[in-house]
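Chemist: I would like to see how this sequence folds:
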Amino acid sequence: MDFEQNNHDCSRGCIVERDNTGTLQIAYNSGCCKLADFNWLEGIEDDKYKDLYEVRFKNTRKLIFRNDTGQSLKEGDLVVVEAVNGHDLGIVTLSGAVVLRQMARRKINPETYQFKKIYRKAKALDIERWQEAIAREHSTMIRARQLAANLHLDMKIGDVEFQGDGTKAIFYYIADERVDFRQLIKDFAEEFHIRVEMKQIGVRQEAGLIGGLGVCGRPLCCSKFMADFKSITTQAARCQDLALNPQKLAGQCSKLKCCINYEASTYIDARKSLPDAREPLDFSDGLAYLVKTDVLMGTMWFSFDKNNMANMFPLSAEQVEQIKDLNRHGRKGDSVIEKARKGDDEPEFVTAVGDDSISRFDAASKKRSRGRNRQGRRASDGPREASGEQVAKAEGALEQRPREAKPQREDRPRRDAGQRRDENQRREGGERRDNQQRSGRQGGNRHGRGNRPQKNNDGNA
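Modeler: Model prediction:
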């Protein structure tokens, strides 16, 4: 029986296929792997920790295991590993010296940490049982949510992960407060006949488990590489002059985006070099208020109307310090309007609104096409050159031709509408009679009769 299946399991980073004989084939897909890491130390081995491997399970759950049996393993191999009760099945994602970097990132001390063992490479029977357990996860999650709703528990079950042997399941849930789920665990055990482990996660971790694309078009940071989640405040957005709009600052987890913290330290350091401009600057033109700041460029934009951003002018941090020093000594800054008229300081900030018009190339294309047609006609007609005598005669005729004065509009005789109508009718009648006479002559000539005198039977006219 021919049976083919090709399923991309993004939650575990693998491709599941069945060949014509029905045998399962699992291929590791590193591009689909959550919390994927590039092995930039490939080929470099550490003899002390060469038997350590990173094994990935569902979504972002990864653990470090030790290969005590000395089997030859590589990235992408399916292995059966030790679990608390029974055994589990995962995919080897990292090996070699880079595993030590991962342990340092997770604050794991290889000298004191109790590593679990890798039993063997997965066999066909292990893979079949693993796929059967995976097929039960979605239906189990739906039923678990119904049981939690029947007990009126304030919690949300976000995901379910079965162990490789199918005897245990991890229920990931989200709750704002502490939840007493002792009765819920009993209901789960009676309903699914498995061992139950409840694991609480936050909304950011849930977004990492589910995955997706952010507004930047790239995979979510919490799903791609972030393992530690730090607190994010609106102060980080204020220092970058970001609009405090909850819809734009919130991510898919309904919390502030993690990427707000990426450049916050850079902006904080850059703001230390900018002067404090809470008070307006006193110029000879009037009081100027700070309306805009380019932190990284070190430019501050001022306007004489604090409620309007029109007619802004830029000042560097040094210029602002100089003007503040003048104001402290009771003097005013130079006129900005006079400098603008002279063109001494031209602003670098130029708006581009309206420059990218959709029809800005239409007129140019028409002119270009007309020019090509004219050139084509001229080329087909052949080159024409005028002699010197012809040019001289034409210039003399133009000079001798007297200019006729155009009659002014007041000297022209005015006619009313009735006279114009009568003249048009007479003109049309005359043209009609001429056409009839012309057609009659043409018809007579065509048939040979025309105005010739007709002959009788005797031959006399």
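Chemist: SS state for residue 339?
Modeler: helix (DSSP: H, G, I helix; E, B strand; the rest coil).
Chemist: and it, how close does it get to residue 101?
Modeler: Distance from residue 339 to residue 101, counting by Cβ to Cβ, to the nearest Å: 57 Å. Every residue, glycine included, has its C-beta placed from N, CA and C.
Chemist: got phi/psi on residue 195?
Modeler: Dihedral pair for residue 195: phi -80, psi 140, per degrees, to the nearest 10.
Chemist: now swap in the one 10 residues further on and tell me
Modeler: Dihedral pair for residue 205: phi -70, psi -30, per degrees, to the nearest 10.
Chemist: cool, residue 302 as well?
Modeler: Residue torsions, per degrees, to the nearest 10, at residue 302 are phi -120, psi 160.
Chemist: show me the contacts for it.
Modeler: Taking Cβ atoms under 8 Å, 6 or more residues apart in numbering, we find residue 302 in contact with 281, 288-291, 312-315.
Chemist: give me the number of residues near residue 237?
Modeler: Residues near residue 237, counting by other Cβ atoms under 10 Å, number 20.
Chemist: got phi/psi on it?
Modeler: The phi/psi pair for residue 237 (degrees, to the nearest 10) is phi -80, psi -40.
Chemist: can you offset everything so residue one is 611?
Modeler: Okay, using 611 as the starting number, the last item reads as residue 847.
Chemist: my read: it touches residue 869, true?
Modeler: No - contact criterion Cβ atoms under 8 Å: residue 847 and residue 869 do not qualify, at 10.9 Å.
Chemist: not counting its neighbours along the chain, what's nearest residue 750?
Modeler: Excluding its sequence neighbours, the residue lying closest to residue 750 (Cβ to Cβ, 6 or more residues apart in numbering) is residue 770, at 5.1 Å.
Chemist: would you say the one you found is within a helix?
Modeler: No - assigned with three-state DSSP, residue 770 falls outside any helix and is strand.
Chemist: could you give the bridge partners of it?
Modeler: Counting by DSSP bridges, residue 770 forms beta bridges with residue 781.
Chemist: quick check: closest non-adjacent residue to residue 823.
Modeler: residue 829 is the one closest to residue 823 (Cβ to Cβ, 6+ apart), at 6.2 Å.
Chemist: dump the residue contacts of that neighbour.
Modeler: Per Cβ under 8 Å, 6+ apart, neighbours of residue 829: 821-823.
Chemist: over to residue 936?
Modeler: 942-943.
Chemist: which element is residue 818 on?
Modeler: Here residue 818 sits within helix 813-820, counting by DSSP states H and E.
Chemist: output the contacting helices and strands for the helix or strand following that helix.
Modeler: As assigned by DSSP H and E, the chain's next helix or strand after helix 813-820 is helix 831-834. Applying 3 or more Cβ pairs under 8 Å, 6 or more residues apart in numbering; DSSP states H and E, we find helix 831-834 packed against helix 813-820.
Chemist: and the helix it packs on, what does it pack onto?
Modeler: strand 766-772, strand 778-784, helix 831-834.
Chemist: would you turn these into CSV with mean pLDDT?
Modeler: Shown next, in CSV, are those (pLDDT from 0 to 100):
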stretch, mean pLDDT
strand 766-772, 90
strand 778-784, 92
helix 831-834, 85
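Chemist: and those: which comes nearest residue 691?
Modeler: Taking Cβ to Cβ, strand 778-784 is the member of those nearest to residue 691, at 13.6 Å.
Chemist: could you export that closest one as CSV, CA atoms only?
Modeler: Extracted C-alpha coordinates of strand 778-784, given in CSV (Å, rounded to 0.1, in the frame of the first residue of the first chain):
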residue,chain,number,x,y,z
LYS,A,778,3.3,11.6,31.2
ALA,A,779,2.2,15.0,30.1
ILE,A,780,3.2,18.6,31.0
PHE,A,781,0.3,21.1,31.2
TYR,A,782,1.5,24.7,30.7
TYR,A,783,-0.9,27.2,32.3
ILE,A,784,-1.1,30.9,32.8
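Chemist: and the helix or strand just after it, what's buried?
Modeler: Remark: after strand 778-784, the chain's next helix or strand is helix 792-802, criterion DSSP H and E. Within helix 792-802, the residues that count as buried by 16 or more other Cβ atoms under 10 Å are 794, 797-798, 802.
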